[in-house]
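Q: no sequence on this one, just coordinates:
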């Protein structure tokens, strides 16, 4: 009887393995995961050289993980099992208080040769541009992730990596080059000051529009620019069913996020171009993105190698002479100035604020942009520079060295 039972268990197990294997063969490959907002590893082409150096095996393992049948469902099942074991984090995500899903970063996730290279590149580039443009026109802003700021939301005894070490090292590198350490925008202190507000999404790794506003506020002050007050914007909720990138790592039932836009109360006109294409848009927002999974793409249409925002003169019409109208008119003080933001996606919700102080804002994503940055700045008459990244993304990004490309 015992032998018979063992055979049944073995048979079920083998049937399961066979079924999964067969599904893996028949299951169509997906090129892009909407739930994770990233491109998936497709089946690598077999090359003997890649097999020998091990890269083929690494790519094939990634392919199996990405293309596993019903992957999202299995992830959710795994998370529920680990929740039952009372784990503080699952799949690199803290199941935090008040419905927050907060990415967990440890020292080995961020520190290493890539971070060292990126710190050197960013500091060297900022120092060189400081000599060209003037140090008061160059800023570096490294935005901490939610785990560094929303510490009261974290599970008991959680001890994520101290991301301030990254900004401290960049500041030290700037000092070594002779550049002013005031180039570093003190955004961590600013975010902590507002940590009780909705400055990060609960289900996504980005800061909210409110978080971006506070980042803009401290950056503008560091540049000698008077930031627009929050009262000068109409805050409009455009979605209440946003489930972001962190949610996709765990697939647990949570309350969706709202997406909010800060719209100037006084009419401002913009012309926006993406990647040098001829079509020109008259809005900083792509409302079609709200119909899909990646709703954060509402801000400046998501990732592009080059985004150009030209601000036209403020709309004509009667003015009331109020303090609000007077403050809005201050954007004209910066006529002739052009800002370049070298960035990751944290700049997408930040740039709409900065755009009100410059004639032109250029946004460059080094992952998709293959022109020398210094050459680009000279050709376009850039007067001001901001290097803006989220700290974890900056720490592992492999394209930061493009900052030092010449010609």
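A: Right, received. Where do you want to start? Quantities reported herein were computed from a predicted structural model and do not represent experimental measurements. Numbering: from 1, shown residues only.

Q: From the chain's centroid, how far away is the longest strand along the chain?
A: Of all the segments of type strand in the chain, defined by DSSP state E, the longest one is strand 233-242. The chain centroid and the centroid of strand 233-242 are separated by 19 Å under CA atoms, centre = their mean, to the nearest Å.

Q: same question, stretch 210-228
A: Per CA atoms, centre = their mean, the centroid offset for stretch 210-228 relative to its chain is 18 Å.

Q: Show me the contact partners of that stretch.
A: Residues from elsewhere that reach stretch 210-228 (CB atoms under 8 Å, 6 or more residues apart in numbering): 136-137, 139, 141, 143, 182, 185-187, 189-191, 193-194, 197-200, 207, 230, 260, 262, 264, 327-328, 330, 334, 346, 349-350, 353-354, 356-357, 384, 386. In this view, the C-beta of every residue, glycine as well, is placed from N, C-alpha and C.

Q: now do stretch 397-407
A: Applying CB under 8 Å, 6+ apart, the set of residues contacting stretch 397-407 is 114, 117-118, 121-122, 124-125, 342, 344, 366-367, 369-370, 372-375, 387, 389, 394.

Q: Narrow those residues to those that are buried.
A: Buried subset of the contacts of stretch 397-407 (neighbour count, 16 or more other CB atoms under 10 Å): 114, 118, 121-122, 124-125, 342, 344, 366, 369, 372-374, 387, 389, 394.

Q: Name the SS class of the nearest residue to residue 307 once chain neighbours are set aside, please.
A: With sequence-adjacent residues excluded and distances taken as CB to CB, 6 or more residues apart in numbering, residue 307 is closest to residue 363, at 4.1 Å. Secondary structure for residue 363, judged by DSSP: H, G, I helix; E, B strand; the rest coil, is strand.

Q: Residue 363 against residue 299, yeah?
A: No - using CB atoms under 8 Å, residue 363 is not in contact with residue 299, being 10.9 Å away.

Q: So between these two, which is more surrounded?
A: Between residue 363 and residue 299, counted using other CB atoms under 10 Å, the more crowded position is residue 363 (27 against 23).

Q: Roughly how far does that one sit from residue 116?
A: Computed as CB to CB, to the nearest Å, the residue 363 to residue 116 distance reads 26 Å.

Q: Residue 245 too?
A: Taking CB to CB, one finds residue 245 at 26 Å from residue 116.

Q: same deal with residue 244?
A: 30 Å.

Q: Return the subset of the contacts of stretch 210-228 lying in strands.
A: 139, 141, 143, 260, 262, 264, 384, 386.

Q: Tabulate the residues you listed (TSV), appending pLDDT.
A: Shown next, in TSV, are the ones in strands among the contacts of stretch 210-228 (pLDDT from 0 to 100):
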residue	pLDDT
139	98
141	98
143	98
260	98
262	98
264	97
384	98
386	98
